[in-house]
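Visitor: show me how the following folds:
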Amino acid sequence: QVQLQETGPGLVKPSQTVSLTCTVSDVSITLNYYSWGWIRQSPGKGLEWMGAISYSGSTFYSPSFTTRASISRDTSKNQFTLQLTSVTPEDTAVYYCARDFQAGGYDSWGQGTQVTISS
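Guide: Below you'll find the predicted structure:
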């Protein structure tokens, strides 16, 4: 059964870049037809999809994040990474990584990592 684990810096100052990594266990991130996404939940708000990277390495972004988010992967480590630039306090959220199969919905999730943007 796939396991996903997010790691991140916890506390970041405004205007800096946040880098989050998702380590995937037991399933290769290059396995056909899976994609791997980043979703966040800000305080008092619902889940917000940010973007994803497919099994082939193609990336997709929400229009809200095309200018600030970048998703990449390291297949040798079976990890994928989110970088979010120019963060503000509005980027404070719990960030989740998750797996999707053929755009059928995210069926496996990490436990989430809290990122707080504050000076």
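
Visitor: use CA for all of it now, contacts and neighbours both
Guide: Will do.

Visitor: quick check: Asp74 vs Gly112, distance?
Guide: Per Cα to Cα, to the nearest Å, Asp74 is found 20 Å from Gly112.

Visitor: just the strands from this structure, written as ranges.
Guide: Counting by DSSP state E, the chain has strands at residues 3-7, 11-12, 18-25, 34-41, 47-54, 59-61, 69-74, 79-84, 93-101, 106-109, 113-117.

Visitor: relative to strand 18-25, how tilted is the first one?
Guide: In this case it means strand 3-7. Angle of strand 3-7 versus strand 18-25, following axes from the mean of the first three to the mean of the last three Cα atoms, to 10 degrees, is 160 degrees.

Visitor: returning to what we had before: neighbour count: Asp74 and Gly112, which is higher?
Guide: Gly112 (21 against 13; other Cα atoms under 10 Å).

Visitor: for the closest residue to the more buried one other than its chain neighbours, grab the count of nearby residues.
Guide: Leaving out its chain neighbours, the residue that sits closest to Gly112 by Cα to Cα, 6 or more residues apart in numbering is Tyr96, at 4.4 Å. Counted with other Cα under 10 Å, residues neighbouring Tyr96 total 26.

Visitor: beta partners of Tyr96?
Guide: Assessed by DSSP bridges, Tyr96 has beta-bridge partners Ile39.
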